[in-house]
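Chemist: Compute the structure for the input listed below.
(one chain, ligands or ions: 2)
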Amino acid sequence: MILPPATLGVLGGGQLGRYFVMAARELGYRVLVLDPDSHSTAGRIADEHLIAAYDDQDALNRMAESCAAITMEFESVPADSLAYLAKFVPVRPSAEAVAICQNRSVEKDFLRRHDFPHASYVDIRSEDDIKNAPTNLFPGILKVSRFGYDGKGQARVKGRGDALVAFHQFKNEPCILERHMALDYEMSVVLTRDENDKTECFPASQNQHRHGVLDCSVVPVRDASGHLAVKAREIAEDIAARMAYIGTLGVEFFVIDGALYVNEMAPRPHNSGHYTLDACVTNQYEQQVRALCGLPLGDTKSHSAAVMVNLLGDLWYSGGSGYTREPDWYKLLAVPNLKLHLYGKHHARPGRKMGHFTVLGEYPEKVRETAMMARAAIGIRDE
Ligand SMILES: Nc1ncnc2c1ncn2[C@@H]1O[C@H](COP(=O)(O)OP(=O)(O)OP(=O)(O)O)[C@@H](O)[C@H]1O
Ligand SMILES: [Mg+2]
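Modeler: Ligands and ions are numbered 1, 2, ... in the order given. Model prediction:
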């Protein structure tokens, strides 16, 4: 068991890391953040911010010396760095688990080998692989195997011609070609698994994306039978067990005709789990701290229905002048039962996650209405 005031290390310094820092500090720990960006939103509030690359040997040595345990908030950190750190201190989740989740091809292979339902796909390493791809994968989506996020590194392709163009645009990097499916909706499950193989799941959320980026998460999911959420939870728990996972894990699902398909896994807290900050007894970041430190997992019960809405950098540009301006927070803060979160990022860019808000309440429909009204009031348009 690692007790406060020990120092915990986190690789990556975005908003997920920022909440990890806050959760760890609430429990009395010190936190060291490794992130090459000097403006890192987590680094700025940490006890120490190491500004260096994720494979910088001196920085890794410094982390190994000063941290009692290490985790990550960004799945693309080199698995080699995690394996190196693990020689000196506990690293949770393990380099092996992160290596599966950070490469779509390895991830899909994992799903296939263990018989988890997933979209049909093939690995694309050469033009020949595109020429030989099964016809039923078109129309499809070509996705780069590494470093994609928020729909970046993905192209919709109608046929082989499009796929070749996209493959060249991705500089012939290894990709997967996946069948484009007509989704009824998307859903995710966030869970935390501890070193004694105990797992606690948060209530599943129903997710809506816009332009490939998460827009809203709705909890509880609108599945009258309750059956899908239970099934999704079972699959997510099974995935975590098969990776011998320790820590907080997000599992994304597609729902089609009442059936679940695993989309991908995130070896860290998940954007769709932001709602746990305000609606659950324990939030996903505190669970991450607890699992990392060998503490008992907390209660994941939600005490309210919740709708979380992401606030992207586009909002800062919506004044029409081409210049950025601060959105009208007054309007949002005037909405009853709404919690506003801003990440303190220096610079708004279109598509960049700048903050989110969560509306809470007893009645799911009412919460949804209020959230959609607030979303429109702040200027988010559905075009
Ligand atoms: N095979 C598919 N069929 C239909 N829609 C898809 C498919 N694959 C991806 N999408 C859509 O694109 C979104 C982003 O895809 P995916 O989760 O693979 O990428 P990502 O870049 O890792 O995104 P994120 O970082 O938001 O999780 C999905 O949530 C879904 O809305
Ligand atoms: Mg995704």
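
Chemist: What distance do you get for the residue nearest the centre of the chain to ligand 1?
Modeler: Among the residues of the chain, the one closest to the centroid is His270, at 3.2 Å (CA atoms, centre = their mean). Per CB to the nearest ligand atom, to the nearest Å, His270 is found 8 Å from ligand 1. All C-beta atoms are positioned from the backbone trio N, CA, C, and that covers glycine.

Chemist: Using the three-state scheme, assign the closest residue to that residue other than its chain neighbours.
Modeler: Take His270 and drop its neighbours on the chain: the residue closest to it by CB to CB, 6 or more residues apart in numbering is Gly250, 2.8 Å away. Per DSSP: H, G, I helix; E, B strand; the rest coil, the secondary structure class of Gly250 is strand.

Chemist: And for Ala348, the neighbour number?
Modeler: By the other CB atoms under 10 Å criterion, the neighbourhood of Ala348 contains 18 residues.

Chemist: And for Ser126?
Modeler: Applying other CB under 10 Å, we find 12 residues neighbouring Ser126.

Chemist: Flag every buried residue along stretch 51-67.
Modeler: Across stretch 51-67, burial judged by 16 or more other CB atoms under 10 Å covers Ile51, Ala52, Tyr54, Asp56, Ala59, Leu60, Arg62, Met63, Ala64, Ser66, Cys67.

Chemist: So what's the model's average confidence on that stretch?
Modeler: For stretch 51-67, mean pLDDT rounds to 98.

Chemist: Only the buried residues of stretch 275-282, if you could.
Modeler: Tyr275, Thr276, Leu277, Asp278, Ala279, Cys280, Thr282.

Chemist: wait, which of the buried residues of stretch 51-67 is closest to ligand 1?
Modeler: Relative to ligand 1, the closest of these is Tyr54; by CB to the nearest ligand atom it sits at 18.3 Å.

Chemist: ok, the residue lying closest to Arg125 once chain neighbours are set aside - contacts?
Modeler: Spatial nearest neighbour of Arg125, chain neighbours left out: Pro174 (5.4 Å); criterion: CB to CB, 6+ apart. Residues in contact with Pro174 (CB atoms under 8 Å, 6 or more residues apart in numbering) are Ser105, Asp123, Ile124, Arg125, Val144, Ser145, Arg146.

Chemist: Would you state the helices of the stretch 151-300 of the chain in chain order?
Modeler: Using DSSP state H, counting those that start in this stretch, the helices found in the stretch 151-300 of the chain span residues 160-169, 227-242, 276-279, 284-293.

Chemist: which stretches of the stretch 101-250 of the chain have low pLDDT?
Modeler: 224 (pLDDT under 70).

Chemist: Spell out which residues of it are next to ligand 1.
Modeler: 119, 141, 143, 148-151, 178-181, 183, 186, 209, 212-214 (CB under 6 Å from any ligand atom).
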